[in-house]
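**Student:** Starting from these lines, generate the structure:
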Amino acid sequence: MKFLLKASLAGAIALGGALPAMAADYTMILGHTLSDSAHPLYKAFEKIKSEIETNSDGRIEVQHQPGAALGGDRELMESLLLGDVQFVPISTSGAVQFVPEFAVFEIPYVFPTDTAVLRGILNESSFTADLEEALADKGLKFGRFYNGGFRQLTTSSVPVRTPDDISSNNLRIRVIENPYPVAIWKAIGAAPTPIAFPELYGALQQGVVDGQENPFGHILSQKFYEVQKYLSTTSHILLANVNLINKEWYDSLPEDLQKVVDDALVTADAFQWQLQDDMQAGQRADIEANMEVIDLTDEEIALFKEKTVPIQEMVRENVGDAMVDSLLSAIDNANNS
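**Tutor:** Numbering: from 1, shown residues only. I've put the predicted structure just below:
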């Protein structure tokens, strides 16, 4: 039988036939909701795919599934926890119902805007270690944070400088499907309306909501400027994009392939943070070419801060003091170093 198999393969080669490609030993499905291939986050995900496939010599195949092809945030997290999807890069807001500790990212106006300081807090601090442990307990491996930028408010017909501009006009603001943005915008005076990200453009276009909150990059990639007129630089929440890997799948890899995955995440980390910094000014310019940008003064920002003070207590009540204090301590240490 072995002789016949060898003979048939030799015959195929002699006739100019190609041998079938060798299948990968492991498959990593990488699913997320972004669709714009020019976005810094999307480019980082493509780099992860390239790094893993190249450095594993094809032993790991990465199937990149962007644009909510596998569902929105909820569906992706459910698939990740079940092991049907192995890698989900997602905003902490999108995953908070599955990882309650991510609620610390919903505390408004807590993160520094300096990207070098911010990167250290998220990826190299005692807070990082505490969060990594919490994720492991849920069957998830932490794969580092990427910088999605700070959320800004956009509106269709009302220029916003203060919370009064929102409450007096009864503005309906789209929020992600978790309770903290709902509480934030209620405190500010809006009517918060949860809508899944893939449905947001249509909701803005049809007037289901009057505004939304996203960083420059998402506003551009989703072309929200086509259905929104004003952008107010509220910078109230960091869109921290966290890489989550199914821990059972990761643990099933031999050590050399675990290192390939780890190294790819570190390489893409440096790549994404630098690219985000490089593109920030251009993103702002592109926004200004399509929308009226309202730069809020420190005094105006203070009014938003005052309205959202109760959110920290809400987070503490829901997830306890330990993770909140871990984050605040890491921020304090970074600011004073």
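**Student:** Only C-alpha atoms from now on, for both contacts and neighbour counts.
**Tutor:** OK.
**Student:** give me every residue that touches Ile331.
**Tutor:** Contacts for Ile331 (CA atoms under 8 Å, 6 or more residues apart in numbering) come out as Phe111, Pro112, Ile121.
**Student:** For my notes, confirm it occurs in a helix.
**Tutor:** Yes: residue assignment for Ile331, taken from DSSP: H, G, I helix; E, B strand; the rest coil, places it within a helix.
**Student:** any idea which helix or strand comes after the longest strand that the chain contains?
**Tutor:** For the chain, the longest strand by residue count, based on DSSP state E, is strand 140-150. Downstream of strand 140-150, the next assigned helix or strand under DSSP states H and E is strand 152-155.
**Student:** What are the boundaries of the strands in the protein?
**Tutor:** Shown for the chain, the strands assigned by DSSP E span residues 26-31, 60-65, 87-91, 140-150, 152-155, 172-175, 191-194, 211-214, 230-232, 238-246, 292-294.
**Student:** Of the ones you listed, which is nearest Pro40?
**Tutor:** Shortest separation from Pro40 across those is recorded for strand 140-150, at 8.2 Å, computed as CA to CA.
**Student:** what pairs with the closest one, and is each one parallel or antiparallel?
**Tutor:** The strands that strand 140-150 pairs with in its sheet are strand 238-246 (antiparallel) (by DSSP bridges).
**Student:** Can you give me the neighbour number for Phe127?
**Tutor:** Using other CA atoms under 10 Å, Phe127 has 21 other residues around it.
**Student:** Now do the same contact list for it.
**Tutor:** Contacts for Phe127 (CA under 8 Å, 6+ apart) come out as Ile121, Met323, Ser326, Leu327, Ala330.
**Student:** buried ones in the longest helix seen in the chain?
**Tutor:** Within the chain, and with DSSP state H defining each element, the longest helix by residue count is helix 255-290. Within helix 255-290, the residues that count as buried by 16 or more other CA atoms under 10 Å are 257-258, 260-261, 263-265, 268-269, 271-273, 275-276, 283, 287, 290.
**Student:** Contacts for the longest strand of the chain, please.
**Tutor:** Defining contact as CA under 8 Å, 6+ apart, one finds that strand 140-150 is touched by 41, 81, 119, 122-123, 132, 135-136, 214-217, 235-247, 250, 262, 265-266, 269, 272-273, 276.
**Student:** pLDDT on that strand, on average?
**Tutor:** Rounded to a whole number, the mean pLDDT of strand 140-150 is 96.
**Student:** and it, how far from the chain's centre?
**Tutor:** Relative to the chain's own centre, strand 140-150 is displaced by 6 Å; criterion: CA atoms, centre = their mean, to the nearest Å.
**Student:** got it, and stretch 80-88?
**Tutor:** The chain centroid and the centroid of stretch 80-88 are separated by 16 Å, computed with CA atoms, centre = their mean.
**Student:** then that stretch to PDB, C-alphas only?
**Tutor:** These are the backbone C-alpha positions of stretch 80-88, laid out as PDB (Å, rounded to 0.1, in the frame of the first residue of the first chain):
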ATOM      1  CA  LEU A  80     -14.800  33.100  22.400                       C
ATOM      2  CA  LEU A  81     -15.900  31.700  25.700                       C
ATOM      3  CA  LEU A  82     -17.300  28.600  24.100                       C
ATOM      4  CA  GLY A  83     -14.000  28.200  22.100                       C
ATOM      5  CA  ASP A  84     -15.700  28.500  18.700                       C
ATOM      6  CA  VAL A  85     -13.600  31.600  18.100                       C
ATOM      7  CA  GLN A  86     -10.100  31.700  19.500                       C
ATOM      8  CA  PHE A  87      -9.200  35.400  19.400                       C
ATOM      9  CA  VAL A  88     -11.400  38.400  19.800                       C
END
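**Student:** about what we covered before: ok, the contacts of Ile331 vs Thr154, which is closest?
**Tutor:** Checking the contacts of Ile331 against Thr154 by CA to CA gives Phe111 as the nearest, at 20.9 Å.
**Student:** wait, doesn't the closest one sit right on Leu239?
**Tutor:** No: using CA atoms under 8 Å, Phe111 and Leu239 do not qualify as a contacting pair, with a distance of 10.6 Å.
**Student:** which residues touch the closest residue to Glu292 other than its chain neighbours?
**Tutor:** Leaving aside its sequence neighbours, Glu292 sits nearest to Tyr230 (CA to CA, 6 or more residues apart in numbering; 4.9 Å). Tyr230 makes contact with Thr154, Thr155, Ser156, Ser157, Val158, Pro159, Val160, Met291, Glu292, Val293, Ile294, according to CA under 8 Å, 6+ apart.
**Student:** Mark which of those are buried, thanks.
**Tutor:** Judged by neighbour count, with 16+ other CA under 10 Å as the criterion, the buried members of the contacts of Tyr230 are Thr154, Thr155, Ser156, Val158, Pro159, Val160, Met291, Glu292, Val293, Ile294.
**Student:** tell me how far the ends of stretch 66-76 are from each other?
**Tutor:** Terminal residues of stretch 66-76 are spaced 11 Å apart (CA to CA, to the nearest Å).
**Student:** now that stretch, how far from the centre of its chain.
**Tutor:** Taking the mean of its C-alpha atoms, stretch 66-76 sits 12 Å from the chain's own mean (CA atoms, centre = their mean).
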